[in-house]
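Undergrad: structure for this input, please:
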Amino acid sequence: LTLADAVQLALRQADESRLAALGVTIAEAQLTQARATALPQISLNGQYSQVVRNARAEIVGNIFGQAYNYSTNLSVTQPLFQGGRELYAWRGASRVRAAARLDVAETRAALQVDAQRTYLNALFAVHLAAIQTNGLTLARTRVQQVEALEAGGRAARFDVLRARVEAANLEPVALQAANDRAIAELELRRLLNIPVERPLRLTTELDTTSAQGLLTAATTEALDVAPDRAAIQAAEFALAARRDAVGIARAEFLPTVSVFLRTGFLALPTSAGIPDVWGVTASTLCPPGSAPTRVCQNNGWFRDETLGVQVSWPLFSGLRAKGGLDLATAQARVAEVQLQQQREQVALEVSRAQAEFARARAVFLARRSNVAEAAEAFQLASLRFERGIGTQLETSDAQLAYLTAQANEARAVYDLHVAFAELARAQGRPIPIPTGRVTAVP
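TA: Numbering: from 1, shown residues only. The predicted model follows:
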(Lines give C-alpha, C1' and ligand atoms only; values in the text may rest on other atoms or scores of the structure.)
Protein backbone atom coordinates (compact mmCIF):
# COMPACT_ATOMS: atom_id res chain seq x y z
CA LEU A 1 0.00 0.00 0.00
CA THR A 2 1.49 3.35 -1.06
CA LEU A 3 0.76 6.58 0.75
CA ALA A 4 -1.16 8.00 -2.23
CA ASP A 5 -3.27 4.83 -2.44
CA ALA A 6 -3.97 5.02 1.29
CA VAL A 7 -5.30 8.57 0.92
CA GLN A 8 -7.55 7.59 -1.99
CA LEU A 9 -8.74 4.52 -0.10
CA ALA A 10 -9.65 6.67 2.90
CA LEU A 11 -11.62 9.08 0.73
CA ARG A 12 -13.46 6.20 -0.92
CA GLN A 13 -14.04 3.72 1.91
CA ALA A 14 -13.71 5.50 5.24
CA ASP A 15 -16.90 5.63 7.29
CA GLU A 16 -16.51 9.38 7.84
CA SER A 17 -16.49 10.01 4.08
CA ARG A 18 -19.56 7.87 3.48
CA LEU A 19 -21.47 9.54 6.31
CA ALA A 20 -20.68 12.98 4.89
CA ALA A 21 -21.90 11.88 1.45
CA LEU A 22 -25.12 10.58 2.99
CA GLY A 23 -25.59 13.99 4.60
CA VAL A 24 -25.65 15.52 1.11
CA THR A 25 -28.20 12.93 0.01
CA ILE A 26 -30.43 13.83 2.96
CA ALA A 27 -30.10 17.55 2.18
CA GLU A 28 -31.07 16.95 -1.44
CA ALA A 29 -34.14 15.00 -0.32
CA GLN A 30 -35.11 17.89 1.97
CA LEU A 31 -34.72 20.28 -0.95
CA THR A 32 -37.07 18.14 -3.01
CA GLN A 33 -39.61 18.24 -0.19
CA ALA A 34 -39.30 22.03 0.03
CA ARG A 35 -39.89 22.39 -3.69
CA ALA A 36 -43.01 20.24 -3.44
CA THR A 37 -44.79 22.89 -1.35
CA ALA A 38 -44.79 25.32 -4.30
CA LEU A 39 -45.71 22.83 -7.02
CA PRO A 40 -49.23 21.70 -7.92
CA GLN A 41 -50.63 18.62 -6.26
CA ILE A 42 -52.33 16.17 -8.62
CA SER A 43 -54.16 13.07 -7.47
CA LEU A 44 -56.38 10.47 -9.11
CA ASN A 45 -59.10 8.93 -6.94
CA GLY A 46 -61.65 6.22 -7.50
CA GLN A 47 -64.42 4.96 -5.23
CA TYR A 48 -67.15 2.35 -5.19
CA SER A 49 -69.80 2.06 -2.49
CA GLN A 50 -73.03 0.14 -2.05
CA VAL A 51 -75.74 1.65 0.09
CA VAL A 52 -77.41 -0.89 2.32
CA ARG A 53 -79.84 1.45 3.99
CA ASN A 54 -80.27 5.20 3.58
CA ALA A 55 -82.23 7.19 6.11
CA ARG A 56 -82.57 10.20 3.81
CA ALA A 57 -84.07 8.02 1.10
CA GLU A 58 -86.63 6.69 3.53
CA ILE A 59 -87.53 10.16 4.79
CA VAL A 60 -87.44 12.25 1.60
CA GLY A 61 -87.63 9.91 -1.35
CA ASN A 62 -85.98 7.09 -3.23
CA ILE A 63 -84.02 9.53 -5.33
CA PHE A 64 -81.47 9.65 -2.49
CA GLY A 65 -81.30 5.90 -2.20
CA GLN A 66 -79.10 4.88 -5.10
CA ALA A 67 -77.73 1.46 -4.13
CA TYR A 68 -74.60 1.50 -6.28
CA ASN A 69 -72.21 4.45 -6.47
CA TYR A 70 -69.17 4.71 -8.76
CA SER A 71 -66.90 7.75 -8.89
CA THR A 72 -63.53 8.61 -10.36
CA ASN A 73 -61.98 12.06 -10.38
CA LEU A 74 -58.76 13.95 -10.99
CA SER A 75 -57.89 16.66 -8.46
CA VAL A 76 -55.44 19.47 -9.13
CA THR A 77 -54.52 21.97 -6.40
CA GLN A 78 -52.12 24.86 -6.94
CA PRO A 79 -51.03 27.08 -4.02
CA LEU A 80 -51.12 30.76 -4.97
CA PHE A 81 -49.98 32.39 -1.73
CA GLN A 82 -48.55 30.79 1.42
CA GLY A 83 -47.13 33.79 3.17
CA GLY A 84 -43.75 33.23 1.51
CA ARG A 85 -43.11 29.97 3.32
CA GLU A 86 -42.56 28.07 0.07
CA LEU A 87 -39.85 30.56 -1.02
CA TYR A 88 -38.12 30.51 2.36
CA ALA A 89 -38.32 26.71 2.54
CA TRP A 90 -36.90 26.31 -0.95
CA ARG A 91 -34.07 28.77 -0.34
CA GLY A 92 -33.31 27.41 3.12
CA ALA A 93 -33.13 23.83 1.84
CA SER A 94 -30.78 24.94 -0.96
CA ARG A 95 -28.49 26.50 1.61
CA VAL A 96 -28.60 23.41 3.79
CA ARG A 97 -27.55 21.37 0.76
CA ALA A 98 -24.70 23.79 0.05
CA ALA A 99 -23.59 23.52 3.69
CA ALA A 100 -23.70 19.72 3.47
CA ARG A 101 -21.51 19.75 0.37
CA LEU A 102 -19.02 22.02 2.14
CA ASP A 103 -19.06 19.64 5.10
CA VAL A 104 -18.09 16.88 2.68
CA ALA A 105 -15.15 18.96 1.47
CA GLU A 106 -14.11 19.62 5.08
CA THR A 107 -14.42 15.94 5.97
CA ARG A 108 -12.42 14.86 2.93
CA ALA A 109 -9.64 17.32 3.78
CA ALA A 110 -9.51 16.05 7.36
CA LEU A 111 -9.49 12.47 6.08
CA GLN A 112 -6.54 13.18 3.81
CA VAL A 113 -4.55 14.51 6.75
CA ASP A 114 -5.65 11.64 9.02
CA ALA A 115 -4.73 9.08 6.38
CA GLN A 116 -1.28 10.61 5.98
CA ARG A 117 -0.77 10.85 9.73
CA THR A 118 -1.88 7.27 10.33
CA TYR A 119 0.17 5.92 7.42
CA LEU A 120 3.29 7.82 8.50
CA ASN A 121 2.83 6.73 12.12
CA ALA A 122 2.66 3.13 10.94
CA LEU A 123 5.69 3.72 8.70
CA PHE A 124 7.58 5.25 11.63
CA ALA A 125 6.65 2.27 13.80
CA VAL A 126 8.00 -0.06 11.13
CA HIS A 127 11.17 1.99 10.85
CA LEU A 128 11.62 2.20 14.60
CA ALA A 129 11.10 -1.55 14.99
CA ALA A 130 13.79 -2.14 12.38
CA ILE A 131 16.12 0.29 14.19
CA GLN A 132 15.60 -1.45 17.54
CA THR A 133 16.03 -4.89 15.99
CA ASN A 134 19.25 -3.75 14.36
CA GLY A 135 20.45 -2.34 17.67
CA LEU A 136 19.70 -5.62 19.41
CA THR A 137 21.62 -7.50 16.70
CA LEU A 138 24.62 -5.19 17.13
CA ALA A 139 24.49 -5.64 20.91
CA ARG A 140 24.45 -9.43 20.59
CA THR A 141 27.34 -9.27 18.13
CA ARG A 142 29.30 -7.20 20.63
CA VAL A 143 28.60 -9.81 23.33
CA GLN A 144 30.23 -12.40 21.10
CA GLN A 145 33.19 -10.09 20.53
CA VAL A 146 33.66 -9.47 24.26
CA GLU A 147 33.40 -13.19 25.02
CA ALA A 148 36.07 -13.86 22.39
CA LEU A 149 38.27 -11.15 23.90
CA GLU A 150 37.77 -12.66 27.36
CA ALA A 151 38.82 -16.07 26.05
CA GLY A 152 41.99 -14.47 24.69
CA GLY A 153 42.70 -12.68 27.95
CA ARG A 154 42.04 -9.23 26.51
CA ALA A 155 38.77 -8.53 28.40
CA ALA A 156 37.61 -8.96 31.96
CA ARG A 157 34.61 -10.83 33.26
CA PHE A 158 33.01 -7.47 34.07
CA ASP A 159 33.08 -6.49 30.39
CA VAL A 160 31.29 -9.70 29.41
CA LEU A 161 28.60 -9.18 32.04
CA ARG A 162 28.14 -5.59 31.01
CA ALA A 163 27.71 -6.52 27.34
CA ARG A 164 25.21 -9.23 28.20
CA VAL A 165 23.18 -6.86 30.40
CA GLU A 166 23.11 -4.22 27.67
CA ALA A 167 21.88 -6.76 25.11
CA ALA A 168 19.25 -8.07 27.52
CA ASN A 169 18.02 -4.54 28.23
CA LEU A 170 17.49 -3.96 24.51
CA GLU A 171 15.26 -7.02 24.09
CA PRO A 172 12.11 -5.53 25.75
CA VAL A 173 12.65 -2.29 23.82
CA ALA A 174 12.70 -4.24 20.55
CA LEU A 175 9.61 -6.20 21.57
CA GLN A 176 7.79 -2.98 22.48
CA ALA A 177 8.73 -1.49 19.11
CA ALA A 178 7.33 -4.57 17.34
CA ASN A 179 4.14 -4.29 19.36
CA ASP A 180 3.81 -0.57 18.53
CA ARG A 181 4.24 -1.46 14.88
CA ALA A 182 1.38 -3.97 15.05
CA ILE A 183 -0.89 -1.46 16.81
CA ALA A 184 -0.08 1.29 14.29
CA GLU A 185 -0.89 -1.05 11.40
CA LEU A 186 -4.18 -2.01 13.07
CA GLU A 187 -5.11 1.67 13.35
CA LEU A 188 -4.32 2.11 9.65
CA ARG A 189 -6.48 -0.90 8.81
CA ARG A 190 -9.34 0.55 10.86
CA LEU A 191 -9.21 3.89 9.10
CA LEU A 192 -9.06 2.34 5.63
CA ASN A 193 -11.42 -0.56 6.38
CA ILE A 194 -8.78 -3.15 5.45
CA PRO A 195 -9.56 -6.64 6.87
CA VAL A 196 -7.17 -7.85 9.56
CA GLU A 197 -6.50 -11.13 7.78
CA ARG A 198 -5.39 -9.36 4.59
CA PRO A 199 -1.59 -9.00 4.27
CA LEU A 200 -0.39 -5.39 4.37
CA ARG A 201 2.95 -3.90 3.40
CA LEU A 202 3.72 -0.19 3.36
CA THR A 203 5.75 0.57 0.24
CA THR A 204 6.24 4.36 0.42
CA GLU A 205 9.54 5.46 1.94
CA LEU A 206 10.15 9.04 3.04
CA ASP A 207 13.65 10.30 3.68
CA THR A 208 15.52 13.55 4.02
CA THR A 209 15.42 14.05 0.25
CA SER A 210 11.62 14.13 0.15
CA ALA A 211 11.55 16.36 3.21
CA GLN A 212 14.04 18.75 1.61
CA GLY A 213 11.82 18.90 -1.48
CA LEU A 214 8.86 19.73 0.73
CA LEU A 215 10.79 22.60 2.33
CA THR A 216 11.66 23.92 -1.10
CA ALA A 217 7.98 23.90 -2.06
CA ALA A 218 7.01 25.46 1.27
CA THR A 219 9.28 28.45 0.75
CA THR A 220 7.41 29.34 -2.44
CA GLU A 221 3.99 28.94 -0.81
CA ALA A 222 2.24 31.82 0.91
CA LEU A 223 2.00 30.00 4.23
CA ASP A 224 0.45 33.02 5.94
CA VAL A 225 -2.48 33.42 3.54
CA ALA A 226 -5.93 34.08 4.96
CA PRO A 227 -7.83 30.85 5.60
CA ASP A 228 -10.46 29.86 3.06
CA ARG A 229 -12.08 27.02 4.94
CA ALA A 230 -15.17 25.14 3.87
CA ALA A 231 -16.16 24.99 7.54
CA ILE A 232 -16.66 28.77 7.69
CA GLN A 233 -18.66 28.80 4.47
CA ALA A 234 -20.81 25.93 5.74
CA ALA A 235 -21.52 27.83 8.96
CA GLU A 236 -22.50 30.91 6.91
CA PHE A 237 -24.94 28.84 4.87
CA ALA A 238 -26.31 27.31 8.06
CA LEU A 239 -26.94 30.79 9.47
CA ALA A 240 -28.70 31.87 6.26
CA ALA A 241 -30.86 28.74 6.41
CA ARG A 242 -31.82 29.52 10.02
CA ARG A 243 -32.86 33.01 8.99
CA ASP A 244 -35.00 31.49 6.25
CA ALA A 245 -36.59 29.35 8.95
CA VAL A 246 -37.59 32.59 10.72
CA GLY A 247 -39.38 33.67 7.53
CA ILE A 248 -41.20 30.32 7.43
CA ALA A 249 -42.30 30.81 11.03
CA ARG A 250 -43.62 34.31 10.28
CA ALA A 251 -45.64 32.91 7.38
CA GLU A 252 -47.74 30.97 9.91
CA PHE A 253 -49.44 34.28 10.80
CA LEU A 254 -50.50 34.95 7.20
CA PRO A 255 -53.33 33.46 5.15
CA THR A 256 -52.88 30.84 2.45
CA VAL A 257 -54.65 30.94 -0.91
CA SER A 258 -54.95 28.07 -3.33
CA VAL A 259 -57.00 27.24 -6.38
CA PHE A 260 -58.30 23.76 -7.04
CA LEU A 261 -59.92 21.88 -9.90
CA ARG A 262 -61.63 18.55 -9.58
CA THR A 263 -62.88 16.78 -12.66
CA GLY A 264 -64.18 13.26 -13.00
CA PHE A 265 -67.16 11.02 -13.59
CA LEU A 266 -69.99 9.75 -11.41
CA ALA A 267 -72.26 6.78 -12.06
CA LEU A 268 -75.34 5.76 -10.03
CA PRO A 269 -76.60 2.61 -11.70
CA THR A 270 -79.78 0.97 -10.55
CA SER A 271 -78.31 -2.53 -10.82
CA ALA A 272 -75.00 -4.21 -10.04
CA GLY A 273 -72.20 -4.10 -12.59
CA ILE A 274 -69.57 -1.56 -13.65
CA PRO A 275 -71.04 1.08 -15.99
CA ASP A 276 -69.53 1.06 -19.46
CA VAL A 277 -71.44 3.77 -21.32
CA TRP A 278 -71.57 7.55 -21.18
CA GLY A 279 -74.42 8.93 -19.10
CA VAL A 280 -77.57 10.12 -20.85
CA THR A 281 -80.82 11.47 -19.36
CA ALA A 282 -84.17 11.30 -21.10
CA SER A 283 -87.83 10.61 -20.32
CA THR A 284 -87.75 7.59 -22.63
CA LEU A 285 -85.37 5.85 -20.23
CA CYS A 286 -87.98 5.84 -17.46
CA PRO A 287 -90.05 2.73 -16.71
CA PRO A 288 -93.45 2.44 -18.42
CA GLY A 289 -96.18 4.35 -16.62
CA SER A 290 -93.85 7.09 -15.37
CA ALA A 291 -94.94 10.72 -15.38
CA PRO A 292 -94.22 12.52 -18.67
CA THR A 293 -92.11 15.10 -16.87
CA ARG A 294 -89.88 12.51 -15.22
CA VAL A 295 -86.33 12.24 -16.52
CA CYS A 296 -84.26 9.05 -16.02
CA GLN A 297 -80.68 8.01 -16.78
CA ASN A 298 -79.09 5.06 -18.54
CA ASN A 299 -76.88 3.96 -15.61
CA GLY A 300 -73.76 5.40 -17.38
CA TRP A 301 -70.96 7.78 -16.45
CA PHE A 302 -71.79 11.48 -15.95
CA ARG A 303 -69.25 14.31 -15.98
CA ASP A 304 -68.58 15.92 -12.58
CA GLU A 305 -66.41 19.09 -12.32
CA THR A 306 -65.65 21.54 -9.54
CA LEU A 307 -63.49 24.67 -9.67
CA GLY A 308 -62.84 26.83 -6.64
CA VAL A 309 -60.56 29.03 -4.59
CA GLN A 310 -59.72 28.24 -0.99
CA VAL A 311 -58.54 30.78 1.58
CA SER A 312 -57.32 29.74 5.01
CA TRP A 313 -56.24 32.17 7.73
CA PRO A 314 -55.40 30.83 11.21
CA LEU A 315 -56.63 33.51 13.58
CA PHE A 316 -55.65 31.71 16.76
CA SER A 317 -53.68 28.47 17.03
CA GLY A 318 -53.11 28.28 20.74
CA LEU A 319 -49.84 30.32 20.49
CA ARG A 320 -48.32 27.58 18.31
CA ALA A 321 -47.28 30.10 15.65
CA LYS A 322 -45.75 32.43 18.24
CA GLY A 323 -43.80 29.57 19.79
CA GLY A 324 -42.53 28.52 16.37
CA LEU A 325 -41.37 32.06 15.62
CA ASP A 326 -39.60 32.38 18.97
CA LEU A 327 -37.90 29.02 18.42
CA ALA A 328 -36.74 29.91 14.90
CA THR A 329 -35.41 33.28 16.11
CA ALA A 330 -33.47 31.65 18.94
CA GLN A 331 -32.00 29.05 16.58
CA ALA A 332 -30.89 31.82 14.21
CA ARG A 333 -29.09 33.55 17.10
CA VAL A 334 -27.42 30.27 18.02
CA ALA A 335 -26.26 29.92 14.41
CA GLU A 336 -24.73 33.42 14.59
CA VAL A 337 -22.74 32.45 17.69
CA GLN A 338 -21.68 29.17 16.09
CA LEU A 339 -20.43 31.04 13.03
CA GLN A 340 -18.35 33.32 15.24
CA GLN A 341 -17.00 30.28 17.12
CA GLN A 342 -16.13 28.58 13.83
CA ARG A 343 -14.17 31.60 12.65
CA GLU A 344 -12.28 31.72 15.93
CA GLN A 345 -11.63 27.97 15.76
CA VAL A 346 -10.26 28.22 12.23
CA ALA A 347 -8.01 31.12 13.19
CA LEU A 348 -6.72 29.09 16.15
CA GLU A 349 -6.13 26.03 13.96
CA VAL A 350 -4.18 28.09 11.44
CA SER A 351 -2.00 29.63 14.16
CA ARG A 352 -1.40 26.24 15.75
CA ALA A 353 -0.59 24.65 12.37
CA GLN A 354 1.84 27.44 11.50
CA ALA A 355 3.61 27.05 14.85
CA GLU A 356 3.79 23.27 14.47
CA PHE A 357 5.19 23.54 10.95
CA ALA A 358 7.81 26.03 12.12
CA ARG A 359 8.78 23.64 14.93
CA ALA A 360 8.91 20.62 12.60
CA ARG A 361 11.00 22.53 10.07
CA ALA A 362 13.46 23.69 12.73
CA VAL A 363 13.79 20.17 14.16
CA PHE A 364 14.35 18.67 10.72
CA LEU A 365 17.00 21.22 9.80
CA ALA A 366 18.77 20.51 13.08
CA ARG A 367 18.61 16.73 12.67
CA ARG A 368 19.36 16.21 8.99
CA SER A 369 23.17 15.84 9.46
CA ASN A 370 23.02 14.21 12.88
CA VAL A 371 22.57 10.64 11.61
CA ALA A 372 25.64 10.71 9.41
CA GLU A 373 27.78 12.05 12.25
CA ALA A 374 26.36 9.53 14.73
CA ALA A 375 26.98 6.68 12.27
CA GLU A 376 30.59 7.77 11.78
CA ALA A 377 31.12 8.06 15.54
CA PHE A 378 29.71 4.56 16.08
CA GLN A 379 31.98 3.12 13.36
CA LEU A 380 35.02 4.74 14.94
CA ALA A 381 34.05 3.55 18.42
CA SER A 382 33.53 0.00 17.15
CA LEU A 383 36.89 0.06 15.37
CA ARG A 384 38.64 1.38 18.48
CA PHE A 385 37.01 -1.35 20.56
CA GLU A 386 38.09 -4.07 18.11
CA ARG A 387 41.69 -2.78 18.16
CA GLY A 388 41.71 -2.68 21.95
CA ILE A 389 42.21 1.05 22.29
CA GLY A 390 38.59 1.85 23.09
CA THR A 391 36.25 0.81 25.86
CA GLN A 392 33.01 -1.04 25.72
CA LEU A 393 31.28 1.92 27.38
CA GLU A 394 32.34 4.19 24.51
CA THR A 395 30.96 1.72 21.97
CA SER A 396 27.66 1.34 23.84
CA ASP A 397 27.21 5.08 24.12
CA ALA A 398 27.99 5.57 20.43
CA GLN A 399 25.50 2.86 19.47
CA LEU A 400 22.77 4.40 21.62
CA ALA A 401 23.45 7.82 20.11
CA TYR A 402 23.31 6.31 16.61
CA LEU A 403 19.98 4.56 17.24
CA THR A 404 18.53 7.71 18.80
CA ALA A 405 19.68 9.83 15.85
CA GLN A 406 18.05 7.43 13.39
CA ALA A 407 14.75 7.49 15.28
CA ASN A 408 14.84 11.27 15.66
CA GLU A 409 15.55 11.78 11.96
CA ALA A 410 12.66 9.53 10.93
CA ARG A 411 10.34 11.28 13.37
CA ALA A 412 11.45 14.69 12.10
CA VAL A 413 10.79 13.71 8.48
CA TYR A 414 7.32 12.35 9.24
CA ASP A 415 6.39 15.26 11.51
CA LEU A 416 7.42 17.73 8.80
CA HIS A 417 5.14 16.10 6.19
CA VAL A 418 2.20 15.86 8.58
CA ALA A 419 2.66 19.46 9.78
CA PHE A 420 2.71 20.74 6.20
CA ALA A 421 -0.45 18.78 5.34
CA GLU A 422 -2.19 20.03 8.50
CA LEU A 423 -1.25 23.62 7.67
CA ALA A 424 -2.69 23.25 4.17
CA ARG A 425 -5.92 21.83 5.63
CA ALA A 426 -6.19 24.62 8.20
CA GLN A 427 -5.80 27.26 5.48
CA GLY A 428 -8.23 25.53 3.12
CA ARG A 429 -5.58 24.80 0.47
CA PRO A 430 -5.25 21.48 -1.43
CA ILE A 431 -3.65 18.81 0.73
CA PRO A 432 -0.21 17.85 -0.66
CA ILE A 433 0.63 14.15 -0.80
CA PRO A 434 4.30 13.27 -0.17
CA THR A 435 6.02 11.71 -3.17
CA GLY A 436 8.60 9.50 -1.58
CA ARG A 437 10.29 6.44 -3.03
CA VAL A 438 8.05 3.42 -3.61
CA THR A 439 9.66 0.05 -2.94
CA ALA A 440 8.87 -2.93 -5.12
CA VAL A 441 6.64 -5.63 -3.66
CA PRO A 442 8.47 -8.98 -3.66
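Undergrad: next up, the contacts around the closest residue to residue 213 other than its chain neighbours.
TA: Spatial nearest neighbour of residue 213, excluding adjacent residues (CB to CB, 6 or more residues apart in numbering): residue 435 at 7.8 Å. Glycine gets a C-beta too; all of them are placed from N, C-alpha and C. Going by CB atoms under 8 Å, 6 or more residues apart in numbering, residue 435 touches 4, 210, 213.
Undergrad: can you turn the buried part of the residues you listed into a PyMOL selection?
TA: To isolate the buried subset of these in PyMOL, counting by 16 or more other CB atoms under 10 Å, use the following:
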select buried, resi 4+210
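Undergrad: would you list the contacts of residue 435 in TSV and tack on distance to residue 366 and secondary structure?
TA: Converted to TSV, the contacts of residue 435 look like this (distance: CB to CB, whole Å; DSSP: H, G, I helix; E, B strand; the rest coil):
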residue	distance to residue 366	secondary structure
4	29	helix
210	18	helix
213	18	helix
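Undergrad: which residues are contacting stretch 288-307?
TA: 70-71, 73, 259-271, 275-283, 285-287.
Undergrad: the same query, at a cut-off of 10 Å, please.
TA: Contacts of stretch 288-307 with the rest of the structure, by CB atoms under 10 Å, 6 or more residues apart in numbering, involve 68, 70-76, 259-271, 273-287.
Undergrad: take those and keep only those in strands.
TA: If you go by DSSP state E, the contacts of stretch 288-307 have 68, 70-76, 259-267, 281-282 in strands.
Undergrad: derive a ChimeraX selection command for the buried subset of those residues.
TA: Buried subset of those, written as a ChimeraX selection, criterion 16+ other CB under 10 Å:
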select :68,70,71,73,260,262,264,265,266,267
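Undergrad: does anything pack onto the helix ranked longest in the chain? Which helices or strands?
TA: The longest helix of the chain (DSSP state H) is helix 85-151. On a contact count with 3 or more CB pairs under 10 Å, 6 or more residues apart in numbering; DSSP states H and E, helix 85-151 meets helix 3-13, helix 15-36, helix 157-192, strand 204-205, helix 230-251, helix 370-387, helix 392-427.
Undergrad: I'd like the ones you listed as TSV, with distance to residue 315 appended.
TA: Below are these laid out as TSV (distance: least, CB to CB, whole Å):
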stretch	distance to residue 315
helix 3-13	55
helix 15-36	26
helix 157-192	58
strand 204-205	71
helix 230-251	15
helix 370-387	82
helix 392-427	54
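Undergrad: please point out which parts of stretch 244-264 sit buried.
TA: Neighbour-count burial for stretch 244-264 flags 244-252, 256, 258, 260, 262, 264 (criterion: 16+ other CB under 10 Å).
Undergrad: any idea of the mean pLDDT in it?
TA: Mean per-residue pLDDT for stretch 244-264: 93.
Undergrad: got it, and stretch 83-99?
TA: 92.
Undergrad: could you tell me whether residue 432 really is in a strand?
TA: No. Counting by DSSP: H, G, I helix; E, B strand; the rest coil, residue 432 falls outside a strand, being coil.
Undergrad: OK, contacts around it?
TA: Residues counted as contacts of residue 432 (CB under 10 Å, 6+ apart) are 112, 116, 214, 217-218, 221, 417, 420-421, 423-424.
Undergrad: residues touching the nearest residue to residue 261 once chain neighbours are set aside, list them.
TA: Once flanking residues are discounted, residue 261 sits nearest to residue 76: 4.7 Å by CB to CB, 6+ apart. Applying CB under 10 Å, 6+ apart to residue 76 gives the contacts 40-43, 259-263, 307.
Undergrad: which one of those is nearest residue 80?
TA: Of all these, residue 259 has the smallest distance to residue 80: 6.0 Å, by CB to CB.
Undergrad: quick one: that closest one and residue 75 touch, right?
TA: No. At 11.8 Å, residue 259 does not count as touching residue 75 under the criterion of CB atoms under 10 Å.
Undergrad: sorry, back to before: how about a markdown table for the contacts of residue 435, with distance to residue 180 and pLDDT added?
TA: Below are the contacts of residue 435 laid out as a markdown table (distance: CB to CB, whole Å; pLDDT from 0 to 100):
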| residue | distance to residue 180 | pLDDT |
| --- | --- | --- |
| 4 | 24 | 90 |
| 210 | 23 | 79 |
| 213 | 28 | 78 |
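Undergrad: using the three-state scheme, assign the residue of the chain positioned farthest from its centre.
TA: Most distant from the centre of the chain: residue 289, at 81.7 Å, with distances by CA atoms, centre = their mean. At residue 289 the chain is in coil, as set by three-state DSSP.
Undergrad: so how far is residue 296 from it?
TA: Per CB to CB, to the nearest Å, residue 289 is found 12 Å from residue 296.
Undergrad: give the pairing partners of the strand or helix carrying residue 78; include direction for each.
TA: Taking DSSP states H and E as the criterion, residue 78 maps to strand 68-81. The strands beside strand 68-81 in its sheet (DSSP bridges) come out as strand 41-50 (antiparallel), strand 256-267 (antiparallel).
Undergrad: what is the rounded mean pLDDT of the first one?
TA: Pointing back at strand 41-50 there. pLDDT averaged over strand 41-50 gives 92.
Undergrad: residue 171 contacts residue 132, correct?
TA: Yes. Residue 171 is in contact with residue 132 according to CB under 10 Å; the separation is 9.5 Å.
Undergrad: pull out the buried residues from stretch 125-136.
TA: By neighbour count on 16+ other CB under 10 Å, the buried set for stretch 125-136 is 125-133, 135-136.
Undergrad: so can I have JSON lines of those residues showing pLDDT?
TA: Listed next are the buried residues of stretch 125-136 as JSON lines, based on pLDDT from 0 to 100:
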{"residue": "125", "pLDDT": "91"}
{"residue": "126", "pLDDT": "89"}
{"residue": "127", "pLDDT": "85"}
{"residue": "128", "pLDDT": "88"}
{"residue": "129", "pLDDT": "90"}
{"residue": "130", "pLDDT": "87"}
{"residue": "131", "pLDDT": "85"}
{"residue": "132", "pLDDT": "87"}
{"residue": "133", "pLDDT": "90"}
{"residue": "135", "pLDDT": "85"}
{"residue": "136", "pLDDT": "88"}
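Undergrad: mind putting those residues into JSON lines with distance to residue 430?
TA: Shown next, in JSON lines, are the buried residues of stretch 125-136 (distance: CB to CB, whole Å):
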{"residue": "125", "distance to residue 430": "28"}
{"residue": "126", "distance to residue 430": "28"}
{"residue": "127", "distance to residue 430": "28"}
{"residue": "128", "distance to residue 430": "30"}
{"residue": "129", "distance to residue 430": "33"}
{"residue": "130", "distance to residue 430": "33"}
{"residue": "131", "distance to residue 430": "33"}
{"residue": "132", "distance to residue 430": "37"}
{"residue": "133", "distance to residue 430": "38"}
{"residue": "135", "distance to residue 430": "40"}
{"residue": "136", "distance to residue 430": "42"}
